[in-house]
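J.: A predicted structure for the sequence below; I have some questions about it.
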Amino acid sequence: MKTLLTLFFIIALMTSASAYSQPDSSKLQKRQELENLFKEKVKINLNVDQYTADKLVDSYKDNNIQMRTLRKEIRETYKSIESDPDAADMSSKLDKVIELEKKSIEQKEKFYNELKTFLSPQQIAKSFFMKKKFNKELRKELDKRGKKRKDYRD
């Protein structure tokens, strides 16, 4: 009887802990903090207002979603080609790769044209390099923190 009661208590405790947990709230919070930091850098470095900074960040997010989807499709098609290079439908697979690459270029052009509606060419160029530098610094910091965690666990 004690074993059954103990088992029931453990199951109830585990169930209540998972029911009250907030999944990925810290990830969302950190992502929002990074987004806000980037917006501040945009406002300062491009000399724009909050509305323009918000619009730029939203444009970057939308473009990243589109490009990520296209890159994934391209990778999958290449894997399909690599896994069976003697396939009868190889011509259509190669055509698909070319078509996806064209869509990728069209998406980049669409993104650039969208930015031209609210930024000058100079601001667009600065934003590209600023975003690249921001991502590089972020990656460097994440790698450094990852090494610290690894060293701590060892």
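T.: Right, received. Where do you want to start? Numbers count the residues shown, from 1 in each chain.
J.: centre of the chain versus the helix or strand encompassing residue 144, how much separation?
T.: The secondary structure element spanning residue 144 is helix 121-153 (assigned by DSSP states H and E). If you compare the mean C-alpha spot of helix 121-153 with that of the full chain, they lie 13 Å apart, counting by C-alpha atoms, centre = their mean, to the nearest Å.
J.: ok, stretch 34-41 next?
T.: In terms of C-alpha atoms, centre = their mean, the centre of stretch 34-41 is set 15 Å apart from its chain centre.
J.: not counting that stretch itself, show me its contacts.
T.: Taking contacts as C-beta atoms under 8 Å, 6 or more residues apart in numbering, the residues outside stretch 34-41 that touch it are 50, 53, 54, 57, 130, 131, 134, 138. All C-beta spots, glycine's among them, are computed from the backbone N, C-alpha and C.
J.: kindly supply the ChimeraX command isolating those of those that are buried.
T.: A single ChimeraX command selects the buried members of those (16 or more other C-beta atoms under 10 Å):
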select :53,57,130,131
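J.: now, which of the contacts of stretch 34-41 sits nearest residue 72?
T.: For the contacts of stretch 34-41, the minimum distance to residue 72 (C-beta to C-beta) is 20.7 Å, reached by residue 131.
J.: what about the nearest residue to the closest one once chain neighbours are set aside, neighbour count?
T.: Distances taken as C-beta to C-beta, 6 or more residues apart in numbering put residue 60 closest to residue 131, at 6.7 Å, once the chain neighbours are dropped. Residue crowding around residue 60 was assessed by other C-beta atoms under 10 Å; the count is 18.
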